[in-house]
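**Q** Okay, sequence plus prediction incoming.
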Amino acid sequence: MQVEILLFASLRERVGRAEVSLEVPESLTVGELLSPLAREIPSLEGRLGQVRVAVDREFSDPADRVPAGVEIALIPPVSGGWQGRVR
Amino acid sequence: MTIGLVGEPIEVESILQETSAADCGALISFIGTVRNHHHGRRVLRLEYTAYEPMAEREMQSIANTLRDRWPVRAVSMVHRLGVLEIGEASILIALSLAHRKEGFEALRYAIDRFKARVPIWKKEVYRDGASEWVEGS
């Protein structure tokens, strides 16, 4: 099955696209998504270590199966908010 | 009560106004601002981007937890996206409660949770012309 994966921030800039497609087996888990992705898109190689995967806009578990037709997004470490510390 | 993302300067006064409640004695708020340095480098400005539908969902989830766990009457939580200059507000979180004590705990939770979960990213532009996506904060 084909999956669409949304890219953001540093990954989007690195790949030069907001979305990539990948052909994967039906029984794939979230954890099994990253290696084939890095093979397919070499500019992602070595950059996926700290990435979390969101499925249908929720953080997923690596053991979760990836059903067809869901919205998948790679979430690099987030940096919203501000730079200071609350004392 | 306003929960969400905005593309222009945060309207702090009006959001505080709408979050306050006539029968609540405490209106507790936090505003995060853009600082002019990071890890020893001089920052000129920031650019914030988000996975917007998920960011809004996560913000709503934080607000729901605040109301479940603490006696919070109203929550407002706004993050600004786009290019921000030094000193501008990137985030406002405001809570109204009957009394202040639990409010500080609730606010602290909201801030920590926000930083860990909401898919928003910032890119820093430095004085030397370089720019960099900040990974984690």
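**A** Great, that's in hand.

**Q** Report the contact partners of A:L7.
**A** A:15, A:17-20, A:73-74 (CB atoms under 8 Å, 6 or more residues apart in numbering or on different chains). C-beta here means a position set from N, CA and C on the backbone, and glycine is covered the same way.

**Q** quick check, the helix or strand of chain B with the lowest mean pLDDT touching chain A?
**A** Least confident element among the helices and strands of chain B, by mean pLDDT, DSSP states H and E: strand B:37-38 (a mean of 90). Yes. For strand B:37-38, a contact with chain A is found by CB under 8 Å from any CB of the partner chain, at B:H38.

**Q** who does that strand pair up with?
**A** Strand pairing for strand B:37-38, using DSSP bridges, gives strand B:41-50 (antiparallel).

**Q** Which SSE is immediately downstream of the strand it pairs with?
**A** Counting by DSSP states H and E, the next helix or strand C-terminal to strand B:41-50 is helix B:52-69.

**Q** Helices of chain B, start to end?
**A** B:12-19, B:52-69, B:100-117 (DSSP state H).

**Q** coming back round to it: narrow the contacts of A:L7 to those in strands?
**A** Residues of those located in strands (DSSP state E): A:19-20, A:73-74.

**Q** Chain A: strands as residue ranges?
**A** A:2-6, A:19-23, A:52-55, A:58-59, A:72-75.

**Q** Point out the residues in chain A that sit beside chain B.
**A** Contact residues, chain A versus chain B (CB under 8 Å from any CB): A:6, A:8-10, A:13, A:50, A:54, A:57-59, A:73, A:75-84, A:86.

**Q** Quick one: the helices in chain A, in order.
**A** A:9-15, A:34-40.

**Q** Pick the most buried one from those helices.
**A** Burial of those is given as mean neighbour count (mean count of other CB atoms under 10 Å in any protein chain shown); helix A:9-15 ranks first at a mean of 19.

**Q** any chance of the ones in strands among the contacts of A:L7 in a markdown table, plus pLDDT?
**A** Listed next are the ones in strands among the contacts of A:L7 as a markdown table, based on pLDDT from 0 to 100:
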| residue | pLDDT |
| --- | --- |
| A:E19 | 97 |
| A:V20 | 96 |
| A:A73 | 98 |
| A:L74 | 97 |
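
**Q** In CSV, list these along with neighbour count.
**A** Output for the ones in strands among the contacts of A:L7, formatted as CSV (neighbours: other CB atoms under 10 Å in any protein chain shown):
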residue, neighbour count
A:E19, 12
A:V20, 19
A:A73, 24
A:L74, 24
